[in-house]
Structures are given as structure tokens and as C-alpha cells.
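J.: Kindly generate the corresponding structure for this input.
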Amino acid sequence: MSVLELDPVIHAQARLRVVATLASLAAGDRIAFPKLQKLLQMTPGNLSTHLRKLEDAGYVVLDKTFEGRSPATFIALTSRGRYAFEAYTSALEQLLKGTQ
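T.: Predicted coordinates:
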């Protein structure tokens, strides 16, 4: 019997919510920071902290740009992040089924 490990970067509750939300978007799609913040009901600072950890792992990419004269940040799940989330959910399903 092997021991399955859940990705600690994704496993934190807030980051799991972020990644699950981003994974629901089509590959290549992105979401504006304020919209993600509102969906997840997180403070800007809290969301930024978790996004930084996900970005450091290569799971998300942040695109900072301007819309007119206002700064805008868009977030997308990378292919590495999508793969990591799929591996995480697969490992979790195996763990729950007891087929580790």
C-alpha cells in the first residue's frame, strides 16, 4: 500500500478554493482580481498572499495591465496548475475510496 500525498500548495483551504475556481474556467481563460475576490469572499490582502504562493509554484499567472488609466490584474491557471489540480483531485478521490 503506497501513501498518497496531497499537494501542500493546493491543499490549504483558501488556495484549494482559488485553484478550483480557476480550473472551472476554460483553458486559457482568465478572471479579473476583483471578480475572483468577490466570488471567493476574500480580502484583497488574503487573496494576494495565496495567489503569490500559487504563482511561486507555477500554478497561476498574473497579468498586470491597465484598462484605460486604471490598473487591472487578471489571473489564469497555468497548464502546470491545471495538471497539479487534476493530480490533487485524483489523489483525493483515491484516498477517500481507500485505494491508495
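J.: Point to the residue nearest the middle of the protein.
T.: Within the chain, the residue whose C-alpha comes closest to the C-alpha centroid is residue 19; the distance, by CA atoms, centre = their mean, is 2.3 Å.
J.: tell me which element that residue falls in.
T.: Element membership of residue 19, judged by DSSP states H and E, is helix 13-23.
J.: for that helix, which positions count as buried?
T.: Of the residues in helix 13-23, those with enough neighbours to count as buried (16 or more other CB atoms under 10 Å) are 15-19, 21-23. No exception for glycine: its C-beta is placed from N, CA and C like everyone else's.
J.: quick check, residue 42 in a helix?
T.: No: assigned with DSSP: H, G, I helix; E, B strand; the rest coil, residue 42 falls outside any helix and is coil.
J.: Flag the shaky bits of the protein, pLDDT-wise.
T.: 1-3, 100 (pLDDT under 70).
J.: Pull the distance from the longest helix seen in it to the chain's centre.
T.: When secondary structure is assigned using DSSP state H, the longest helix within the chain turns out to be helix 79-97. Using CA atoms, centre = their mean, to the nearest Å, the distance from the centre of helix 79-97 to the centre of the chain it belongs to is 13 Å.
J.: got the contact list for that helix?
T.: Here helix 79-97 makes contact (CB atoms under 8 Å, 6 or more residues apart in numbering) with 4-7, 9-11, 19-20, 22-23, 27, 54, 57-60, 77, 100.
J.: Give me the angle between it and helix 13-23.
T.: Between the axes of helix 79-97 and helix 13-23, defined by axes from the mean of the first three to the mean of the last three CA atoms, to 10 degrees, the angle is 120 degrees.
J.: Pull out the buried residues from helix 79-97.
T.: Going by neighbour count (16+ other CB under 10 Å), the buried part of helix 79-97 is 81-82, 84-85, 88-89, 92.
J.: Extract the CA atoms of it and return them as CSV.
T.: Backbone C-alpha positions of helix 79-97 (Å, rounded to 0.1, in the frame of the first residue of the first chain) are rendered in CSV as follows:
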residue,chain,number,x,y,z
SER,A,79,-1.2,24.2,-17.7
ARG,A,80,1.1,23.1,-14.8
GLY,A,81,-1.5,24.3,-12.3
ARG,A,82,-4.3,22.5,-14.2
TYR,A,83,-2.3,19.3,-14.1
ALA,A,84,-1.5,19.7,-10.4
PHE,A,85,-5.2,20.3,-9.6
GLU,A,86,-6.1,17.2,-11.6
ALA,A,87,-3.5,15.1,-9.8
TYR,A,88,-4.7,16.5,-6.5
THR,A,89,-8.3,15.7,-7.1
SER,A,90,-7.3,12.2,-8.3
ALA,A,91,-5.2,11.5,-5.2
LEU,A,92,-8.0,12.8,-3.0
GLU,A,93,-10.6,10.5,-4.7
GLN,A,94,-8.2,7.5,-4.2
LEU,A,95,-7.7,8.5,-0.6
LEU,A,96,-11.4,8.7,0.0
LYS,A,97,-12.1,5.4,-1.7
